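J.: Provide a 3D model corresponding to the input given below.
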Amino acid sequence: MSATPDPLFIVLADSLERQIRGGAYRSGDKLPSLREIAASRGYGKNTVVSAFELLVARGLVEPRRGAGFFVKEAVHQVHQAGESADNPSRRRAMDIVWLMRMQLRNEPGQLAVGDAFPPSEWLAGARLDRSHHKVARGGLGALFRYGDRLGYAPLRHRLVRRLADVGIDAHPQQIVLTHGANEAMDLIVRYFVPPGGVVLIDDPGYYPLLGKLHLAGARIVGVPRLADGPDLQALEHVLQAERPRLFFTQSLAHNPTGSDLSQAKAQAVLRLAEQHNLLLVENDALSDFRPATAPRLSALDGLERTLYLGSFSKSLSAALRVGYVACSADLAQDLADLKILTAVSSSEYAERAVETLLAERRHARHLEQLRAQLAEATHNAYALLDRMGAEVFVRPAHSLFIWARWPGFDDAQALAQSMLDLDIVMAPGNIFSVDSERVSPWSRCNPHAVQDPRFARALERLRG
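T.: This next block holds a predicted model:
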C-alpha cells in the first residue's frame, strides 16, 4: 500500500527548511511574503500561514511585526556545527508545540470544531467577575509575596473534602497546587522520567503530554484505548516486555475519545500495576462532568500507587491556571520542592479566586447548569453526526469530546488541512497518537462547535 502524502503545509514547510539548511536563504534573510508564496505555488493562504508557523515552531524563522518572516541568525551556525540534524526528541516536541499553537489560535471568522472547552458563555455562570474584591480584601498583606510551597492552604483543605466526595481519602499535606494540570504533569515527568526511560500513555491520548515526554527524551509506548478503558492484553504485554515505571491515563471523560473506565477494568489495571510495580498517573481534569460514584483508580487504590491530577480549567476558567496533584505525603513534599526550583510558586491570587468560587452557594448551581447544557449539546451533536453518516467511537450521555469519523475521509489530517482553508479548525486523530505519522480517520469534535452550520456546509463542499 502506498504511503499517504503529507498535508500541503508540511510539504511546503519541509521545502522551505531544505532551502534554509542548504543556504538558499541565509541567516537574517527575509522569506517571500505569504501572498507571494501562495501565488507562486497555488496554495491557499491558510496553508502558507500554517507552514510558516511550523517553521517558527521548529526554530528556523522568526516573525517581525509588519515586516514578514526572517531566517533566525543562529540557524546556520548550529547546522554547520553538526548539532542541528536534529535532536529528534526536541524536533518532535516542537512540532507538538506547533500543533498546540494551532489549537490555541482564535482568529476572527474561524470555527474551532476540535476545541477542548465549553463555550465561554456557559462558564460565565461561575461569576468570576465577583471574586476579585473578595480575594483582594481577604488576601491583603499576603498577595504581595510568594505563596505556600504546597499552595494556598484553604484551597487544599477544600480539595480534601472534594476528593472525599469521589472516594479519595487524602490529607492537605498530600496535595500540591500547580499552575494547571499541565504543570502537575511536567513536575511528575521531571521527577520520575530519566532520558531514555520508558513511559506508558493512552493511545490516543493527551498530546501536550506527548510533547513533554519527547522533550524529556523519554521512550513513549502507547496503550490502545478502548471504549471501556485501556486494552488489558496490550498493557500486560508491554509491562512484561518493557518494565515501565509510569502509566499516564485518564479514567473518565478521556481526551480525546470521551470514553470512561469500567469498574472491572479499573480493578484489573490496579492488579497489573501491583504485579509489575507500576505507578499510575490518573488525570481527572474533567471530574466535574462525571458522577462522584464513577470508577476512579485513585479511589480504589487510596493513592498507594496512584497520583491523582485535577484542574478547574473546564468548569471555571482556563485563564486561572489552577490545578493540583494528590499523592503520598513524601512525594508531595518532593514535588513541592521541584515546583520551587522550576517556578518558585504557583499563583496564590488565582488559588484564592478558585477557593472563593468553590465556597459560594451558586457554584453547585453553576455545575448543575453546566452539565445540563453539555448533555443537551451532546445529544444534539450525536443526532447531527448520525444524519451526516459519521461513526462515533463511544456515546456517553454528556461529553466535552466526541471521537468521530466520516465515510469517504480516511485521513483526518488531510481533511483537517482542507477544512483549514475553509476556516474550520479540526483536531485530527494522528496528533493524539504516539505515532503521529500513522494515518487516522478519527477526529476530536466539540459537541457545541460541531453544530455550527458552517461545519456541515464545509464538509459537504469537500464531499462535492
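
J.: isn't R290 right up against A253?
T.: Yes: assessed by CB atoms under 8 Å, R290 is found in contact with A253 at 5.7 Å. Yep, even glycine has a C-beta here, placed from its N, CA and C like the rest.

J.: helices or strands up against the longest helix seen in the chain?
T.: In the chain, taking DSSP state H as the definition, the longest helix is helix 362-387. On a contact count with 3 or more CB pairs under 8 Å, 6 or more residues apart in numbering; DSSP states H and E, helix 362-387 meets helix 120-123, strand 391-392, strand 402-405.

J.: quick one, what contacts A375?
T.: A397, H398 (CB atoms under 8 Å, 6 or more residues apart in numbering).

J.: Could you measure from it over to D288?
T.: 13 Å (CB to CB, to the nearest Å).

J.: do L12 as well
T.: 42 Å.

J.: So those two - more neighbours on which side?
T.: The neighbour comparison of L12 against D288 (other CB atoms under 10 Å) goes to L12, with 22 against 19.

J.: Okay, strands next: where are they in the stretch 201-350 of the chain?
T.: Under the criterion DSSP state E, counting those that start in this stretch, the stretch 201-350 of the chain contains strands at 219-226, 229-230, 246-249, 279-283, 306-311, 323-326.

J.: wait, which of those is closest to P428?
T.: Smallest distance to P428 across the strands of the stretch 201-350 of the chain (CB to CB): 16.3 Å, for strand 219-226.

J.: partners of the closest one, with directions?
T.: If you go by DSSP bridges, strand 219-226 pairs up with strand 198-203 (parallel), strand 229-230 (antiparallel).

J.: Tabulate these (JSON lines), appending distance to E274, mean pLDDT and mean neighbour count.
T.: Listed next are those as JSON lines, based on distance: least, CB to CB, whole Å; pLDDT from 0 to 100; neighbours: other CB atoms under 10 Å:
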{"stretch": "strand 198-203", "distance to E274": "15", "mean pLDDT": "97", "mean neighbour count": "22"}
{"stretch": "strand 229-230", "distance to E274": "15", "mean pLDDT": "98", "mean neighbour count": "26"}
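
J.: Generate JSON lines for those strands, with distance to H171 as supplementary columns.
T.: Shown next, in JSON lines, are the strands paired with strand 219-226 (distance: least, CB to CB, whole Å):
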{"stretch": "strand 198-203", "distance to H171": "28"}
{"stretch": "strand 229-230", "distance to H171": "28"}
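
J.: looking at these, which is closest to A336?
T.: strand 198-203 (22.3 Å).

J.: CA-only coordinates of the closest one, as CSV, when you get a sec.
T.: Output of strand 198-203 as CSV, limited to C-alpha atoms (Å, rounded to 0.1, in the frame of the first residue of the first chain):
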residue,chain,number,x,y,z
VAL,A,198,10.0,4.0,29.2
VAL,A,199,6.6,5.7,29.9
LEU,A,200,3.2,4.4,29.0
ILE,A,201,0.3,6.6,27.9
ASP,A,202,-3.2,6.2,26.5
ASP,A,203,-3.2,5.9,22.7
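
J.: Check the offset of that strand from the chain's centre.
T.: Offset of strand 198-203 from its chain centre (CA atoms, centre = their mean, to the nearest Å): 15 Å.

J.: who's in contact with that strand?
T.: Contacts with strand 198-203, where a contact means CB under 8 Å, 6+ apart, come from 189, 193, 209-210, 213, 218-225, 230, 235, 238, 242-250, 254, 278, 432-434.

J.: now the chain, which segments are flagged as low pLDDT?
T.: Along the chain, the model assigns pLDDT under 70 to residues 1-6, 74-108, 138-142.

J.: Show me how the record splits it into domains.
T.: 8-86, 111-122+364-463, 128-359 (automatic domain parsing).

J.: Next, the distance between the ends of the last one.
T.: This means domain 128-359. Taking CA to CA, to the nearest Å, domain 128-359 runs 13 Å from one end to the other.

J.: Tell me which stretches of the stretch 51-200 of the chain form strands.
T.: Going by DSSP E, counting those that start in this stretch, the stretch 51-200 of the chain shows strands at 61-64, 68-71, 111-112, 175-178, 198-203.

J.: Give me whichever of those is most buried.
T.: Counting by mean count of other CB atoms under 10 Å, strand 175-178 has the highest mean neighbour count of the strands of the stretch 51-200 of the chain, with a mean of 28.

J.: Parallel or antiparallel, list what pairs with that one.
T.: When DSSP bridges is applied, strand 175-178 pairs with strand 323-326 (antiparallel).

J.: Could you export the strand it pairs with as PDB, CA atoms only?
T.: Taking Å, rounded to 0.1, in the frame of the first residue of the first chain, the C-alpha atoms of strand 323-326 are listed here in PDB:
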ATOM      1  CA  GLY A 323      -4.600  22.500  39.000                       C
ATOM      2  CA  TYR A 324      -3.300  20.000  41.600                       C
ATOM      3  CA  VAL A 325      -1.800  16.700  42.200                       C
ATOM      4  CA  ALA A 326      -2.700  14.400  45.100                       C
END
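
J.: starting at the chain centroid, how far to it?
T.: Worked out by CA atoms, centre = their mean, strand 323-326 lies 16 Å from the chain centre.

J.: ok, now stretch 268-278?
T.: Distance of stretch 268-278 from its chain centroid, counting by CA atoms, centre = their mean, is 26 Å.

J.: so which of the helices and strands packed on helix 362-387 is the most packed in?
T.: strand 402-405 (a mean of 23).

J.: list the helices and strands whatever helix or strand comes next after that strand packs on?
T.: Using DSSP states H and E, the helix or strand that follows strand 402-405 towards the C-terminus is helix 412-420. In terms of contacts (3+ CB pairs under 8 Å, 6+ apart), helix 412-420 is packed against helix 8-22, helix 45-57, strand 427-428, strand 443-445, helix 453-463.

J.: just the ones you listed: most buried one?
T.: strand 443-445 (a mean of 27).

J.: Tell me which residues touch H132, please.
T.: Counted by CB under 8 Å, 6+ apart, H132 has contacts A353.

J.: wouldn't T257 be in contact with P224 here?
T.: No: if you go by CB under 8 Å, T257 and P224 don't touch, sitting 10.8 Å apart.

J.: Among those two, which residue is more densely surrounded?
T.: Higher neighbour count among T257 and P224: T257, with 27 against 12, using other CB under 10 Å.

J.: if we can go back for a sec, in the longest helix of the chain, what's buried?
T.: Neighbour counts over helix 362-387 (16 or more other CB atoms under 10 Å) mark 363, 366-367, 370-371, 373-375, 377-378, 381-382, 385 as buried.

J.: What is the nearest of these to L16?
T.: Nearest to L16 among the buried residues of helix 362-387 is L385, at 37.4 Å by CB to CB.
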